[in-house]
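S.K.: Need a 3D model of the sequence below.
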Amino acid sequence: MTLDLNFIRSQFPAFSEPSLDGWAFFENAGGSYPCKPFIDKLTSFYMKNKVQPYYPYPASIKAGKMMDESYKRMAAYLNVDESEIHFGPSTTQNVYVLANAMRPMWKDGDEIIVSCQDHEANAGAWRRLSSRGIIVREWHVDKKSGVLDLEELKTLLTDRTKMIAFPHCSNVIGHINPAKDISVMAHKHGALSVIDGVGYAPHGFPDLKELGADIYMFSLYKTFGPHLGLMYVDKTLIGKLQNQSHFFKEGISRSMITPAGPDHAQIASVSGILDYFDAVYKHHFEMDAEPAKRNNALRKLFRAHETGLLEQLLDFLRSRDDVEIVGPDQPANRLPIVSIIPKNKPLMQVYNMLIEHKLMPGYGDFYAVRPLMDMDIQLDPGVLRMSFVHYTTKAEVDQLIDGLKRALRQ
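M.R.: Numbering: from 1, shown residues only. Below is the predicted model:
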């Protein structure tokens, strides 16, 4: 089945915005365009329901129902229980809260494994536990490919390993890690699997029951919605975590690991992302299905479209001798997060010429400092990153390739 891009792009106001006309957006890994159903719900909430929720008057009742709907529907899409979904200000903050909540579970001298492929959000807070009695073992990436090796992971596991933290997909390497296999390895050693899904989720939400993770996190502003971090925590784990909220919130799972007051409007509008997904599913598929099955079908649909465009871009880059592709140069087990380093011209010169060609990529370390260090890549200026999602068109990738040809030309 072919993705109907006319329908898809009609759901995003950015594509009819005059100030963006002619510009091709290739920094989606840093944050996607928001979809119209989310924008509509957020606007409506601020206009009609910006009151304290859960009081027994109409505006408040509706506010509470909208928030509850987001928890319930997101859980159904991710194939988990409603009580296992938590919304915090950002993934980075969610990890810091988790690290504090989980530390009392472990004894001095216990070990955790933290990958060096991570965005620092799923690395820094865990590493800081080394000053609080926890031994942190680093799982380094391959110096050439940037990929994590499962054989090396086996050498790091011991009878004192309590957690493995790693990304589902690196935000600079683009390689998809075998998250299910890693989770199985963790559980065989009695350890928890903590997965940073920030790079993966924009390309299709995972089936968390199938994945087997104990904790999974991603950012909703990168999946067409508000600036919130979503955190799944297995319900059997919640009761073991130290309460991070007010003392009277003890035992209230929705509050215990989200100490900041909930952003009512943004949480209420999260279901707008799922309104969009439901509309895309209904447009492309004749038979209805349960939310988790809809999610699986959409993920395959999105990925098929993205992979076709990724193949085109990688084919072009492999044909050049004046650029280095950071990470694997084949589309297998890869997402459209493509980082390069120009060989013959300064990176910023190439980058600025792309902007002249009305292209919007990114450059820098993208908070993925550790994999770049492992690969001996200079942090300043870092890498030039081009990332796209399912609403990207072939014409935009053509525009990107044409811009690269001009920018790389001697």
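
S.K.: where exactly do the strands run in the protein?
M.R.: Ranges of strands in the chain, per DSSP state E, are 24-25, 85-88, 111-115, 135-139, 161-167, 192-196, 215-219, 229-233, 323-326, 337-342, 359-360, 362-364, 383-387.

S.K.: CA atoms only for the last one, dumped as CSV, please.
M.R.: The one in question is strand 383-387. These are the backbone C-alpha positions of strand 383-387, laid out as CSV (Å, rounded to 0.1, in the frame of the first residue of the first chain):
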residue,chain,number,x,y,z
VAL,A,383,28.1,16.4,12.1
LEU,A,384,25.6,17.6,9.5
ARG,A,385,22.3,15.7,10.1
MET,A,386,19.4,15.2,7.7
SER,A,387,16.3,13.6,9.3
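
S.K.: can you offset everything so residue one is 2?
M.R.: Fine by me, first position is 2 from now on; the one you just mentioned is strand 384-388.

S.K.: Who are the packing partners of it?
M.R.: On a contact count with 3 or more C-beta pairs under 8 Å, 6 or more residues apart in numbering; DSSP states H and E, strand 384-388 meets strand 338-343, helix 348-357, strand 363-365. Using the backbone N, CA and C atoms, a C-beta is placed for each residue, glycine as well.

S.K.: Now do residue 2, the pLDDT please.
M.R.: At residue 2, the predicted lDDT confidence score is 85.

S.K.: Of the helices and strands packed on strand 384-388, flag the one that's most buried.
M.R.: Comparing those by mean neighbour count (mean count of other C-beta atoms under 10 Å), strand 338-343 comes out on top with a mean of 24.

S.K.: avg pLDDT for that strand?
M.R.: For strand 338-343, mean pLDDT is 98.

S.K.: tally of neighbours for residue 317?
M.R.: 17 (other C-beta atoms under 10 Å).

S.K.: Residue 59: neighbour count?
M.R.: Around residue 59 sit 11 other residues, with neighbours defined as other C-beta under 10 Å.

S.K.: sorry, back to before: right, and the helices and strands packed on strand 384-388 - which one's nearest residue 131?
M.R.: Closest to residue 131 of those is strand 363-365 (C-beta to C-beta; 26.7 Å).

S.K.: Ramachandran coordinates for the most centrally placed residue in the chain?
M.R.: In the chain, the centroid-proximal residue (C-alpha atoms, centre = their mean) is residue 199; its distance is 1.5 Å. Per-residue torsions, residue 199: phi -60, psi -40 (degrees, to the nearest 10).

S.K.: Kind regards, and thank you for your time.
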